[in-house]
Each structure stands twice: as C-alpha cells, then as structure tokens.
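Asker: Structural data only, the sequence is not supplied:
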C-alpha cells in the first residue's frame with residue numbers, strides 16, 4: 001500500500017515496478033505472441049528516433065505516469081503484428097497504433113497494480129513522434145526506466161510516480 005504522501009519516498013515501490021513489468025510482458029505477449037525479454041532497470045538510453053506513447057494510471061492520491069518509448073524499427077514491426085500489415089512510420093495510423101497499445105497497457109497496469117493497493121483508472125493516451133528525442137524524467141518524484149527486447153527490437157517504459165493534484 002502506498003503512503004498518502006510521497007515526500008519521503010525516493011523510489012517507486014518495488015511492488016509497483018514489478019507489477020508494471022508483468023503488465024508489459026503480458027500486454028506485448030498478447031499482441032505479438034512472444035513474451036518480451038526484460039533487459040535492465042534504470043539503464044541509460046540514447047536519444048530515440050521513434051514514437052512515444054504517454055498515459056497515466058491515477059486515483060485521488062497518486063498518479064503513475066508511463067511513457068512507452070518505441071524506436072522506429074520496433075514500431076513498424078509491431079504494426080505488422082498488431083494490424084496485419086506494415087504501417088508507414090510517418091502515418092497518423094502509427095500514432096493511433098501507439099495510442100492504442102498505450103491504452104491496452106494502461107488497462108493491464110491498472111488491473112495489476114490493484115493487487116498491491118493502487119486502485120485507479122487510466123487517462124487518455126497521447127503519442128509523440130520524432131527523431132533525436134531525449135526522454136526526460138522529472139527529478140523530484142520517484143522514477144524508473146525499464147528496458148525490454150521484444151518482437152522487432154528494444155523498447156522502453158519510463159515511469160514517474162507523483163501525488164495527484166489535490167495533495168500538492
């Protein structure tokens with residue numbers, strides 16, 4: 001169970017990180033038929049040429065923000081599996097695909113973190129596409145970065161846990 005205030009917490013609780021990891025593995029395995037390999041936690045990442053899905057799971061006390069960072073080659077490979085055809089990376093459909101994957105993942109995360117006392121709902125997803133993107137995680141709230149290798153290549157999940165607005 002999370003404390004009501006996060007002032008004294010320097011890291012996202014292990015139970016939440018483990019729940020997100022399980023959710024990522026479950027979600028991407030259901031999409032591709034192959035469970036992604038977990039590679040590392042909090043490793044350094046180079047600038048990304050790809051697409052980012054942003055979504056949050058939140059309740060009245062806390063918000064768990066998630067950025068799903070997918071390099072271009074991985075995104076194109078995922079589109080072929082998810083849609084049955086390769087989507088052009090520059091298309092609006094690619095943004096819709098990453099938004100949908102973000103939404104599916106957030107639903108899975110919401111269900112999984114409920115088992116550790118974090119009951120919440122997910123926000124609407126957004127997607128950002130670009131080259132030479134640097135992902136900045138806020139330095140005040142607890143953060144974590146998870147790296148996976150799945151169908152088509154590596155991808156990353158960046159997490160930030162903060163208090164919801166009513167507690168600020």
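Answerer: That came in fine, so what should we check first? Quantities reported herein were computed from a predicted structural model and do not represent experimental measurements.
Asker: for residue 47, what are its contacts?
Answerer: In this structure, residue 47 makes contact with 132, 133, 134, judged by Cβ atoms under 8 Å, 6 or more residues apart in numbering. Yep, even glycine has a C-beta here, placed from its N, CA and C like the rest.
Asker: Identify the residue with the minimum pLDDT among the residues you listed.
Answerer: In terms of pLDDT, the least confident member of these is residue 134, at 78.
Asker: Does anything pack onto the lowest-mean-pLDDT helix or strand in the chain? Which helices or strands?
Answerer: With mean pLDDT, DSSP states H and E as the measure, the helix or strand of the chain carrying the lowest mean pLDDT is strand 126-133 (a mean of 90). Counting contacts by 3 or more Cβ pairs under 8 Å, 6 or more residues apart in numbering; DSSP states H and E, the secondary-structure elements packed against strand 126-133 are strand 48-58, helix 92-113.
Asker: in the helix or strand following it, what counts as buried?
Answerer: As assigned by DSSP states H and E, the chain's next helix or strand after strand 126-133 is strand 143-150. Of the residues in strand 143-150, 143, 144, 145, 146, 147, 148, 150 count as buried by neighbour count, 16 or more other Cβ atoms under 10 Å.
Asker: out of everything not next to it in sequence, what's closest to the last one?
Answerer: Distances taken as Cβ to Cβ, 6 or more residues apart in numbering put residue 36 closest to residue 150, at 3.2 Å, once the chain neighbours are dropped.
Asker: For the one you found, which residues are in contact?
Answerer: Taking Cβ under 8 Å, 6+ apart as the criterion, residue 36 is in contact with 24, 25, 28, 29, 148, 149, 150, 151, 155.
Asker: please redo it, this time with the cut-off set to 6 Å
Answerer: Residues in contact with residue 36 (Cβ atoms under 6 Å, 6 or more residues apart in numbering) are 28, 148, 150.
Asker: The first one should be in a strand, yeah?
Answerer: No. Read with DSSP: H, G, I helix; E, B strand; the rest coil, residue 28 is helix and lies in no strand.
Asker: avg pLDDT for stretch 67-75?
Answerer: Per-residue pLDDT values over stretch 67-75 give a mean of 95.
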